[in-house]
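**Student:** Build me a structure from this.
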Amino acid sequence: MEELVECHSEYEYPERPIAIWWQNERLMISQILQEARIPDGKYFRVSTSEGFIFDLLYKELFDQWLINQL
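**Tutor:** Alright, predicted model coming up:
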């Protein structure tokens with residue numbers, strides 16, 4: 001299964017991530033630790049209910065998420 005990010009969106013996409021699929025498991029995001037608007041999209045550092053920390057980068061031009069576990 002492809003890694004992907006589920007988001008809550010109202011006025012724009014993505015407003016805030018709520019879960020990620022990582023290694024065939026759905027991980028709920030418990031906290032957004034850091035968030036920034038970057039030149040080519042949006043960046044989030046998040047922690048999950050399971051205690052993992054991830055960097056999530058949304059590339060607007062390609063409508064693509066990059067996920068990196070820390």
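**Student:** which residue ends up closest to the midpoint of the chain in space?
**Tutor:** Nearest to the mean C-alpha position of the chain, by C-alpha atoms, centre = their mean, lies Leu56 at 4.1 Å.
**Student:** Name the helix or strand for that residue, please.
**Tutor:** Taking DSSP states H and E as the definition, Leu56 sits inside strand 53-59.
**Student:** in the following helix or strand past that strand, what counts as buried?
**Tutor:** Using DSSP H and E, the helix or strand that follows strand 53-59 towards the C-terminus is strand 64-69. The neighbour-count check on strand 64-69 (16 or more other C-beta atoms under 10 Å) flags 65, 67 as buried. No exception for glycine: its C-beta is placed from N, CA and C like everyone else's.
**Student:** partners of strand 64-69, with directions?
**Tutor:** strand 53-59 (antiparallel) (DSSP bridges).
**Student:** what pairs with the residue nearest to the centre of the chain across the strands?
**Tutor:** Phe44, Ile67.
**Student:** Show the pLDDT at it.
**Tutor:** pLDDT recorded at Leu56 is 96.
**Student:** Okay, it and Ser30: tell me how far apart.
**Tutor:** With the distance defined as C-beta to C-beta, to the nearest Å, Leu56 ends up 14 Å from Ser30.
**Student:** In the strand holding Leu56, which residues are buried?
**Tutor:** By neighbour count with 16+ other C-beta under 10 Å, strand 53-59 contains the buried residues 54, 56-58.
**Student:** Quick check: the two most widely separated of the residues you listed?
**Tutor:** Farthest apart among these by C-beta to C-beta are Phe54 and Tyr58. That separation is 12.6 Å.
**Student:** Run through the chain and note the low-pLDDT ranges.
**Tutor:** 1-3 (pLDDT under 70).
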